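[1] only the shape, not the letters, is given here:
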């Protein structure tokens, strides 16, 4: 895990630093445009020690050098990476160039939106897909199996953001129906509601965006569950169980299901990534201030510290999730022994 994390951070650090544009250029543009007003001169003076004037849009070399020193860009790229690693040991990701706040504060402020949708999405997806996959395997080849497969693949083919636009148009805009709110997570009167009123209000706001988050998750997991179970029921130990006269439900649910869950367990460690469950287009459509919009803005603004902090935390959680998946194999399949 440690070499992988180092490799990921090293590559991302090199890419974002070698890409055109930098926080320095972004700041210079702000100073130039700000110079036309009264606040521009004050900003330049505070950074460059009085260099420049409000009516002059040119930025002196002294100001540029001061900006480089302020943001740490006066050192070679390898030295900056080593400094970043040293600060990482103290869980210090630096300060956001855009928000002018510690990176951890910026990222944690976006967690609530992504975390809520991520947890609900994960729980509902696994519950529905495992149950539906088992039913499809038991009724393999029937009309139910065929119709549900068609529905699943149609759902898989619809982009989440496009579905969001359609749902808003038909169920929230008032052009056809106005059953759900268009944007946001809570209503304007949320603070004045009681406990059950707040829960109801959140559910009301969650339904449309949650459908968009989940639309593409069902198909792969359901078909994986179905095919895994179908593979298991062809094995010799299932034939033996049937030969003993066991009921079909006992054969499927007690003997075959446990082994069929092994491929599903492969992705169970991904539950840690729910902290970063975010979709830029869905968040824009429903006006949700989550991880997706934060990451997109960080790239646009060349906010290197936010990008690096986000990449490191996501990579770390993904690797921990993979480790949890490997350990979970032991509980699902007694034949696996890491010792």
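    Alright, I've got the coordinates. No experiment lies behind these values; they were computed from the predicted model shown.
[2] show me what contacts the closest residue to residue 298 other than its chain neighbours?
    Nearest residue to residue 298, sequence neighbours excluded (Cβ to Cβ, 6 or more residues apart in numbering): residue 306, at 4.0 Å. From N, CA and C alone the C-beta is placed, and that goes for glycine too. Neighbour list for residue 306: 96, 97, 98, 99, 103, 106, 107, 294, 295, 298 [criterion: Cβ atoms under 8 Å, 6 or more residues apart in numbering].
[3] apply 7 Å and report the result again.
    Neighbour list for residue 306: 96, 103, 106, 298 [criterion: Cβ atoms under 7 Å, 6 or more residues apart in numbering].
[4] longest single helix anywhere in the protein?
    helix 103-138 (DSSP state H).
[5] so which bits of that helix are buried?
    103, 106-107, 110, 113-118, 120-122, 125-126, 129-130, 132-138 (16 or more other Cβ atoms under 10 Å).
[6] can you pull out the helices in the stretch 151-300 of the chain?
    Counting by DSSP state H, counting those that start in this stretch, the stretch 151-300 of the chain has helices at residues 160-171, 195-214, 218-232, 236-243, 248-250, 257-260, 262-265, 280-285, 291-300.
[7] among those, which is nearest residue 330?
    helix 262-265 (10.1 Å; Cβ to Cβ).
[8] which residues of the chain score low on pLDDT?
    Scanning the chain for pLDDT under 70 picks out 30-31, 33-59, 266-278, 332-335, 337-339.
[9] and the gap between residue 79 and residue 86?
    Computed as Cβ to Cβ, to the nearest Å, the residue 79 to residue 86 distance reads 11 Å.
[10] give me the number of residues near residue 6?
    The burial count assigned to residue 6 is 11, neighbours taken as other Cβ atoms under 10 Å.
[11] wasn't it part of a strand?
    No - applying DSSP: H, G, I helix; E, B strand; the rest coil, one finds residue 6 to be helix, outside a strand.
[12] would you mind measuring from it to residue 12?
    Taking Cβ to Cβ, one finds residue 6 at 11 Å from residue 12.
[13] what do you get for residue 316?
    13 Å.
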